[in-house]
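**Student:** I'd like to go over a predicted model; first the sequence, then the structure.
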Amino acid sequence: MKPLIGVDYYPEHWDESLWEADAEMMKSIGVKVVRMAEFAWCKIQPYEHAFDLDWLDRAIEAFSKREIKIILCTPTNCPPLWVYEKYPETLQTQRDGQKIATGIRGHRCYSSKKYRELCTHVIRRMVERYKNNNAVIAWQIDNEVEANECCCEECTARFRAYLKKKYDTLDNINQAYGNIVWSGEYSSWNQIKPPLGDYNEGWYNPAYMLDWKRFCKQNAADFVRFQANLIKSIAPDTSVTTNTWFCGNAPDYYDMFSDLDFVSYDNYPVARIPKDENALYSHAFHLDLMRGMKDGKSFCIMEQLSGGTGCWTPMGRSPLTGMIQGYSMQAIAHGADMVLHFRWRSARKGAEMFWHGLLDHDGKPNSRLAEFEELCKEVSALSDDLEGTRIENQCAIVYSSDSLDALNLQPQSNGYHYFNQLKSFHDALTSLGVGCDFIDEKSDLSKYKLLIAPALFITNSDTAKRIHELAEKGGHVILTNRCGVKDEVNGCLDTPLPCDFADMTGCTVDEYDPLGYDIEKVAVPFCNGTFDANMWSESLTLNTASEIAHYEQGFLDKKAAATQNDFGKGKVYYIGFCSPQRAFYISLMRYVLTSAGISFVKGLPRGVEITQRKKDGLKLTFVFNNSEQKVKVATDKIKCELEPFEMKILKQRI
Ligand code: GLA
Ligand code: ZN
């Protein structure tokens, strides 16, 4: 993908007389790509049998004649109201059995055959119209597809079919779920329903709930696939993506993007850095997660922070000077190619009028636009060097969609969140200037020297096998508390924890205590330090492992809290607690990286990130100051001063 800077534009929100002026202004400041038509279905198809794309032709022309490329969207997130009026089955059904109320956006049911038929009509019209337009470089499917939990009849039928395919018989389901508990055994397929009712999710059978979540994710991915196949059947050579974010009901990102050409992420970093030294604020975490979703191949920011955000929440602070340019460059440093800013103009109408774009409501050039112009110039100058570069890392963190859901369904202690477990390690690596990939359980693990699998709660037998193989062949592996707790159907295993990993860790869990926000002291001799454990503590029985940390007080006093074990040609670390202090994870990572022979940077000031993109003959090192203070970087290899949010790029021929 060619590195390009662009904006999100909604021609249908503005008087046509503005389009030319906007396009001219964009051209003059160096905008190279514009995304449009995202929510414009009712303008494209105002009535069932009336289509109008003439206006879109003119909008596209306004940009393409100025050599600005276009990303077009399928407008399917927002069907026109006539769709819901005439075909109410296209609306999602809530857990209380009622149809979702219209009036905002995203009301559609992915399973509805009628809805898919209507999507097909509008998408077909659009793709056929623009398939030979060279300005149109890609298609974005829908908007922020989430794993919606629709309880309509069509979704119910699909859920039953999903279970039938997976388990074949009701007996198998009853066995797998343990439906005997609370007399929940199914005696007919009709008894299988979505989780109806206003209950806390934790009251349902967790095996059933995990399958329900898996189904909803698969259904969302299937909807994306349906659109991608349709687009490609008409325009086989085009590129297709969908824009995503880290939402509560996250899709299985790896599955959703598997048949798409590139990943797109909507990136809204917070506009103030937390004062708390231990706060896990890193935006790099999200960027690395996104890059990992297609094995680091291609990744774009479809919506990037452009101004103060807010609408349905009180407005947040305006971005500080340097953030508009700096956070785009940060995304590029973590592997993004295109970065499109949301949005060109702040809306004057509609719910999002205070989610600010580059231009305020008055449309006058401002300091944000000036910074954006700098960004356009910077990326344009860097474009040839950047093109074709890749990020290659020796460390990876496993992201398990199943463990995320299972831990959300059954929170292990007050405040224990799966993402925080991943973040703690990622944050420590970032602070040591060590790049890290996030990989799916199905990804190739063998290319990594260090694999970290925090809280791998659900044990997928194939994943467990491949983690074993990695260690046997000489890899270093870090496992933590709450690894290996559950089987694939979300039931508890009956061997000593960490169950299927106990041979690798060389230790077993003796007792555990879900600490929540309470604290236990842990002594960590390898760094001469004492840290607090929180969220979870467990005492470990050493089998072949040796202790690397122990509790210092409380009822676990003197018992082992973390271990290391030689396994095959590799080494396996097991951490039986979590810590609220970054310093613990940083010390741990220094210790493990040294043993794994992975170099790290000493003395990086807080907030400074170092990443690299490489291709044959060229290495680009990005040094970014993600802090509100001016900093001096003085490491073995890098000496420079950086303003807040400034990026310096060092070029090296290799
Ligand atoms: C998301 C959506 C956009 C818009 C922005 C700002 O990322 O994709 O349509 O709603 O948030 O709120
Ligand atoms: Zn439905």
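**Tutor:** Arrived safely. These figures come from a predicted structure and were not determined experimentally. Numbers count the residues shown, from 1 in each chain. Ligands and ions are numbered 1, 2, ... in the order given.
**Student:** measure residue 414 to ligand 2 for me?
**Tutor:** For residue 414, the distance to ligand 2 (CB to the ion, to the nearest Å) stands at 34 Å. C-beta here means a position set from N, CA and C on the backbone, and glycine is covered the same way.
**Student:** can you tell me the helix or strand for the closest residue to ligand 2 within the stretch 351-500 of the chain?
**Tutor:** Proximity of the stretch 351-500 of the chain to ligand 2 (CB to the ion) peaks at residue 405, 19.3 Å away. Mapping residue 405 onto the secondary structure by DSSP states H and E places it in helix 401-409.
**Student:** kindly export the following helix or strand past that helix (C-alpha atoms) in CSV.
**Tutor:** Remark: after helix 401-409, the chain's next helix or strand is helix 418-431, criterion DSSP H and E. What follows is helix 418-431, C-alpha atoms only, in CSV (Å, rounded to 0.1, in the frame of the first residue of the first chain):
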residue,chain,number,x,y,z
TYR,A,418,-7.8,-9.4,29.8
PHE,A,419,-6.6,-6.4,27.8
ASN,A,420,-4.8,-5.1,30.8
GLN,A,421,-2.9,-8.3,31.1
LEU,A,422,-1.7,-8.0,27.5
LYS,A,423,-1.0,-4.3,27.9
SER,A,424,1.2,-4.7,30.9
PHE,A,425,3.7,-6.7,28.9
HIS,A,426,3.4,-4.6,25.8
ASP,A,427,3.9,-1.4,27.8
ALA,A,428,7.1,-2.9,29.3
LEU,A,429,8.5,-3.9,26.0
THR,A,430,7.7,-0.5,24.5
SER,A,431,9.4,1.2,27.3
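**Student:** now helix 418-431 and helix 401-409, what's the angle there?
**Tutor:** Relative orientation of helix 418-431 versus helix 401-409 (axes from the mean of the first three to the mean of the last three CA atoms, to 10 degrees): 120 degrees.
**Student:** pLDDT of helix 418-431, averaged?
**Tutor:** Averaged across helix 418-431, the pLDDT comes to 96.
**Student:** could I get the average pLDDT for the helix or strand just after that helix?
**Tutor:** Toward the C-terminus, helix 418-431 is succeeded by strand 436-440 as the next helix or strand (DSSP H and E). Average pLDDT, strand 436-440: 96.
**Student:** can you name the next helix or strand after strand 436-440?
**Tutor:** strand 450-453.
**Student:** list the buried residues in the very next helix or strand once past that next one.
**Tutor:** Using DSSP H and E, the helix or strand that follows strand 450-453 in sequence is helix 461-472. Residues 463, 464, 466, 467, 468, 470, 471 are the ones in helix 461-472 that count as buried (16 or more other CB atoms under 10 Å).
**Student:** could you pull up the contacting residues of the residue of the stretch 351-500 of the chain closest to ligand 2?
**Tutor:** 210, 213, 214 (CB atoms under 8 Å, 6 or more residues apart in numbering).
**Student:** OK, contacts around the second one?
**Tutor:** For residue 213, the set of contacting residues under the criterion of CB under 8 Å, 6+ apart consists of 147, 405, 409.
**Student:** my read: the last one touches residue 209, true?
**Tutor:** In this case it means residue 409. Yes: between residue 409 and residue 209 there is a contact under CB atoms under 8 Å: 5.3 Å.
**Student:** find residues that contact each of the two.
**Tutor:** Contacts common to residue 409 and residue 209, judged by CB under 8 Å, 6+ apart, are 201, 490.
**Student:** who's more crowded, these two?
**Tutor:** residue 209 (21 against 18; other CB atoms under 10 Å).
**Student:** let me know the angle separating the helix holding residue 405 from helix 461-472.
**Tutor:** 110 degrees.
**Student:** what's around residue 392, how many residues?
**Tutor:** Neighbour tally, residue 392, other CB under 10 Å: 12.
**Student:** where in this structure is pLDDT low?
**Tutor:** Judged by pLDDT under 70, the chain has no weakly predicted residues.
**Student:** near ligand 1, which residues of it? Just list them.
**Tutor:** 143, 144, 245, 266, 303, 342, 352, 355 (CB under 6 Å from any ligand atom).
**Student:** pick out the residue of the stretch 201-350 of the chain closest to ligand 1.
**Tutor:** residue 266 (3.7 Å; CB to the nearest ligand atom).
**Student:** now for whichever strand or helix holds that residue, which elements pack on it?
**Tutor:** Using DSSP H and E, residue 266 sits in strand 263-267. Packing partners of strand 263-267 (3 or more CB pairs under 8 Å, 6 or more residues apart in numbering; DSSP states H and E): strand 243-244, helix 284-292, strand 299-304.
**Student:** how about 10 Å then?
**Tutor:** For strand 263-267, the elements it packs on are strand 239-241, strand 243-244, helix 253-257, helix 284-292, strand 299-304, helix 323-333, strand 339-341, judged by 3 or more CB pairs under 10 Å, 6 or more residues apart in numbering; DSSP states H and E.
**Student:** tell me who's in contact with residue 378.
**Tutor:** The neighbours of residue 378, taking CB atoms under 10 Å, 6 or more residues apart in numbering as the test, are 5, 30, 325, 328, 329, 332, 647, 649.
**Student:** so it lies in a strand, does it not?
**Tutor:** No: Residue 378 sits outside any strand when classified using DSSP: H, G, I helix; E, B strand; the rest coil, being helix.
**Student:** that one and ligand 1, how far apart?
**Tutor:** Separation of residue 378 from ligand 1 (CB to the nearest ligand atom, to the nearest Å): 24 Å.
**Student:** before we move on, what about residue 35?
**Tutor:** Residue 35 is 10 Å from ligand 1, by CB to the nearest ligand atom.
**Student:** burial of that residue, as a residue count?
**Tutor:** 26.
**Student:** tell me if I'm right that residue 125 and residue 49 touch.
**Tutor:** No: counting by CB atoms under 10 Å, residue 125 stays clear of residue 49, with 11.8 Å between them.
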